[in-house]
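Colleague: Just need the structure, nothing else, for what follows:
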Amino acid sequence: FQVAMPRQVQAEFDFEAQSGTSEMSLTAGEILTVLQENVDGGWMEGKNVKGKIGLFPASYVIPYAGGAGSAPVTAPPAPPPVAAAYPSLPSKPAAFDDWGSSTFGAPAAAAAAAPSYAGGAAHSSGGGSGGLANLINRPPSRGGGAAGDDFDDDWSDDEEEEEHAPSRSTSQYVQQRDGGVVPRSQSAGEGRTVSTVSGSNAAAAAGAGKLKGNMNIFSNFVKSGMEAYVLSADSIKGQPGERHDIIISDGLIRWRGDTKNYVCTVDKPKKETKMKGLKSFIAYSITSSLSGIQVSRRYKHFDWLHEILTAKYITIALPPLPEKQVSGRYEDDLIDHRMHILQLWVEKICRHPVLSKSDVWLHFLTCTDEKQWKNGKRKAEKDEYIGGSFLNCVNSPDAPLNPNDVERQVEMFNRNVRQMEEGSRVLSERMNTYQRLLGGPVKQNWQKLAAAFSALSHSFKDDGAGPASMRMADALQMTAHHYHVIGDDFEAHAKNEAERLLERLYSYRGTISRVPDICNIHKQAITKWRNTENAVVEGKIGEAQAVKVKARVDNTSYVILAEVNHLNAEKTEDFKQFLGTYLRQQQAFYQQMANTLGDLAKQYE
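Modeller: As a prediction, the model looks like this:
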């Protein structure tokens, strides 16, 4: 009989173990003996030639059939260096405006400016894999998984949250609304890094040697699938359910809008119960003009949808949900405040040319059957076209872009967003202080004056001086009454008009707080393009592979610029609308007060 030989594998990637763990570092090409497979979901336990035992990612190794004592396969010699992949490009496109234009246009059509090998390369990126697929660093996940089917379980309620879900941070943008700084998620943290491919595979795929990388596997760029998309390494089996187009209109890069504009209304908050009254929650009615269907949704449904949209559309700035608050969750003021924020949220989704056509959003708006709801939920959670893979659903113009110019435009926009963030923060602080003054000291002072007028009125009544004194007493009493009412009016004004303005500022600040992460994704895509350009010059990868990277980076740039122009247009429209509304309300409020004071003055004539 034959003794079964231990299975051996060959490291395909360099892998650096994280200190303080049972992981084992790998060097591309080394041979390992497998001791245990399928450890903790996607990991292996093995022993290297030095006798060290540890864990390593199963996706970083390939079966080794060379037998004992066989030498590792080495890469063929690299080809001679080739000419630079990208000739010099003009420093600025025609639409670039040094004077602070808030919109970003398409590049000038100049044949000399286009890369020699990028002409006509469409940016409608399919999901196939190319020679650079081996450049992607994709360690497996250790633990976790898709959300379970207990989303509508009877024992769940609005207070059950998963603290580990990073996409939830938009629900907590403003820790203290009166001046709290909007926090941002960090794109990359401290952690282990990996190189990239072994020489043999890179050579086989690209006809060259291996390209070293230094991308942190825990960075948002990698985890979101953006690196896999840029390097054509995203392996997707299904067909996208959505298609979105980017066009150049009036010299600006824009999302193609939908001719069927629609609106949604969130209203009729209602306390509902289940499990024979053991559990209670607030449900909101949502009606869209698109279908006319009225559905009932809880806060947790909004929260789930927000997570799905955030994970899928990583290059789109979503508005925030209202802050989660457990204490006093059935108080009228809290329910009203939450409903207004949810209304702003759905308005923003309806007005976005991509989000308004999202399959999961339309399912959220129209589904009334419980079974269909759960099926749609599972479908959304299994969607392959999320994160970087979503860009496969986008068709952009064929015209190549100058990455350096696009990078400058995006950075200029990012700087402007930081200014807007600071300006809106200060306005929010001042308005919050003003609101507290109106409902507190201002109201109290008017009503203290009312009490003083009332006391003076009694003095005139008691002086016994005749009809003239009685008329004066009546005038003073009327003045006292209206001053007291004006005090209450100030409180109501603070609660209504000022509160609505603060809610809109909250929504705007929460939306733009995502912009730095979006800009960082674009910056890392540009960095990946530069690394590819250098790799072509050094002969590490072929020119055909660089064409694919350039096309996908261009598609990413088109998506970012389309979103930038959408945000700028929305910003102008939003501030014009809500500041104009607030000032007209101010005018009406003080005009009513002026009319009241004028009528009171006539009592003393």
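Colleague: Show me the longest helix that occurs in this structure.
Modeller: Counting by DSSP state H, the longest helix found in the chain is helix 543-602.
Colleague: Tally up the residues packed near the closest residue to Pro269 other than its chain neighbours, please.
Modeller: Excluding the flanking residues, the one nearest Pro269 by CB to CB, 6 or more residues apart in numbering is Ile335, at 4.9 Å. C-beta: built from backbone N, CA, C; applies to glycine. Applying other CB atoms under 10 Å, we find 17 residues neighbouring Ile335.
Colleague: Following the chain onward from the helix or strand hosting Phe221, which element is next?
Modeller: Element membership of Phe221, judged by DSSP states H and E, is helix 220-223. Later in the chain than helix 220-223, the nearest helix or strand by DSSP H and E is helix 226-230.
Colleague: Remind me what whatever helix or strand comes next after that next one packs against, helices and strands.
Modeller: Note on helix 226-230: by DSSP H and E, the next helix or strand toward the C-terminus is strand 244-249. Here strand 244-249 touches strand 252-255, strand 394-395, helix 543-602, going by 3 or more CB pairs under 8 Å, 6 or more residues apart in numbering; DSSP states H and E.
Colleague: continuing past the second one, what's the next helix or strand?
Modeller: Counting by DSSP H and E, the element after strand 394-395 in chain order, helix or strand, is helix 403-437.
Colleague: which other residues reach the helix or strand just after that next one?
Modeller: Using DSSP H and E, the helix or strand that directly follows helix 403-437 along the chain is helix 443-461. Residues outside helix 443-461 that contact it (CB atoms under 8 Å, 6 or more residues apart in numbering): 469-470, 472-474, 476-477, 479-484, 486-488, 490-491.
Colleague: Would you mind finding the most buried of the helices and strands packed on strand 244-249?
Modeller: Mean neighbours per residue, mean count of other CB atoms under 10 Å, is largest over these for strand 252-255, with a mean of 23.
Colleague: Can I get it in PDB, CA atoms only?
Modeller: Extracted in PDB, the C-alpha atoms of strand 252-255 (Å, rounded to 0.1, in the frame of the first residue of the first chain):
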ATOM      1  CA  LEU A 252     -20.400  69.600 -17.700                       C
ATOM      2  CA  ILE A 253     -20.200  65.900 -16.800                       C
ATOM      3  CA  ARG A 254     -23.500  64.900 -15.400                       C
ATOM      4  CA  TRP A 255     -25.600  61.900 -14.500                       C
END
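Colleague: Show me what that strand is packed against.
Modeller: Helices and strands touching strand 252-255, by 3+ CB pairs under 8 Å, 6+ apart, are strand 244-249, helix 543-602.
Colleague: Quickly run through the sheet partners of the shortest one, with directions.
Modeller: It stands for strand 244-249. Sheet partners assigned to strand 244-249 using DSSP bridges are listed as strand 252-255 (antiparallel), strand 394-395 (parallel).
Colleague: which regions of this protein sit below the pLDDT cut-off?
Modeller: When residues are selected by pLDDT under 70, those of the chain lie in 1-5, 20, 40-41, 66-219, 234-235, 237-238, 259, 276-277, 325-330, 464-465.
Colleague: switch the cut-off to 50
Modeller: 1-3, 67-103, 108-215, 327 (pLDDT under 50).
Colleague: now the helices for it?
Modeller: 199-206, 220-223, 226-230, 299-312, 332-351, 359-366, 370-381, 403-437, 443-461, 467-493, 499-512, 515-537, 543-602.
Colleague: I'd like those helices as CSV, with distance to Ser289 appended.
Modeller: Compiled in CSV, these are given as follows (distance: least, CB to CB, whole Å):
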stretch, distance to Ser289
helix 199-206, 51
helix 220-223, 36
helix 226-230, 35
helix 299-312, 19
helix 332-351, 9
helix 359-366, 10
helix 370-381, 21
helix 403-437, 30
helix 443-461, 40
helix 467-493, 31
helix 499-512, 21
helix 515-537, 30
helix 543-602, 19
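Colleague: okay, those helices, which one's buried deepest?
Modeller: Highest mean neighbour count among the helices of the chain (mean count of other CB under 10 Å): helix 226-230, a mean of 26.
Colleague: what helices or strands is that helix leaning on?
Modeller: Judged by 3+ CB pairs under 8 Å, 6+ apart, the packing partners of helix 226-230 are helix 515-537, helix 543-602.
Colleague: Also compute the angle for the last one relative to helix 499-512, please.
Modeller: Spelled out, it's helix 543-602. With axes from the mean of the first three to the mean of the last three CA atoms, to 10 degrees defining the directions, helix 543-602 sits at 170 degrees from helix 499-512.
Colleague: other SSEs contacting helix 543-602?
Modeller: Helix 543-602 packs on helix 226-230, strand 244-249, strand 252-255, strand 394-395, helix 403-437, helix 467-493, helix 499-512, helix 515-537, going by 3+ CB pairs under 8 Å, 6+ apart.
Colleague: Asn555: which of those is closest?
Modeller: Closest to Asn555 of the helices and strands packed on helix 543-602, according to CB to CB: strand 394-395, at 6.3 Å.
Colleague: ok, now which ones touch His337?
Modeller: Contacts of His337 by CB under 8 Å, 6+ apart are Pro322, Glu499, Glu503.
Colleague: what about stretch 355-368, start to end distance?
Modeller: 21 Å (CA to CA, to the nearest Å).
Colleague: Show me what it is in contact with.
Modeller: With CB under 8 Å, 6+ apart, stretch 355-368 has contacts from 241-242, 244, 258, 262, 264, 286, 288, 290-291, 293, 295, 297, 301, 305, 308-309, 312-313, 316, 318, 348-350, 373, 376, 380, 383.
Colleague: again, only this time at 6 Å
Modeller: The contact list for stretch 355-368 (CB atoms under 6 Å, 6 or more residues apart in numbering) reads Gly241, Ser288, Ser291, Ile293, Val295, Leu305, Ile308, Ile349, Cys350, Trp373, Gly376, Ala380.
Colleague: Include distance to Phe281 when you put the helices and strands packed on helix 226-230 into a markdown table, please.
Modeller: Output for the helices and strands packed on helix 226-230, formatted as a markdown table (distance: least, CB to CB, whole Å):
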| stretch | distance to Phe281 |
| --- | --- |
| helix 515-537 | 32 |
| helix 543-602 | 30 |
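Colleague: Asp462 versus the residue nearest to Ile53 when sequence neighbours are not counted, what's the distance?
Modeller: Excluding its sequence neighbours, the residue lying closest to Ile53 (CB to CB, 6+ apart) is Lys47, at 4.9 Å. Separation of Lys47 from Asp462 (CB to CB, to the nearest Å) stands at 105 Å.
Colleague: try Pro353
Modeller: 73 Å.
Colleague: neighbour count winner among those two?
Modeller: Under the criterion of other CB under 10 Å, the comparison of Pro353 against Asp462 puts Pro353 first, with 18 against 10.
Colleague: what's near enough to touch that one?
Modeller: By CB under 6 Å, 6+ apart, the residues touching Pro353 are Trp255, Gly257.
Colleague: The same query, at a cut-off of 7 Å, please.
Modeller: Counting by CB atoms under 7 Å, 6 or more residues apart in numbering, Pro353 touches Trp255, Arg256, Gly257, Asp258.
Colleague: which two from those residues end up farthest apart in space?
Modeller: Spatially, the most separated pair among the contacts of Pro353 is Trp255 and Asp258, at 9.4 Å (CB to CB).
Colleague: that older thread, for Ile282, which of the helices and strands packed on helix 226-230 is the nearest?
Modeller: Nearest to Ile282 among the helices and strands packed on helix 226-230 is helix 543-602 (25.5 Å), distances taken as CB to CB.
Colleague: Give me the angle between the closest one and helix 403-437.
Modeller: Going by the same axes, to 10 degrees, helix 543-602 makes 20 degrees with helix 403-437.
Colleague: from the chain's centre, how far out does helix 543-602 sit?
Modeller: Helix 543-602 sits 18 Å away from the centroid of its parent chain (CA atoms, centre = their mean, to the nearest Å).
Colleague: what does stretch 300-309 give?
Modeller: With CA atoms, centre = their mean as the basis, stretch 300-309 stands 12 Å off its chain's centre.
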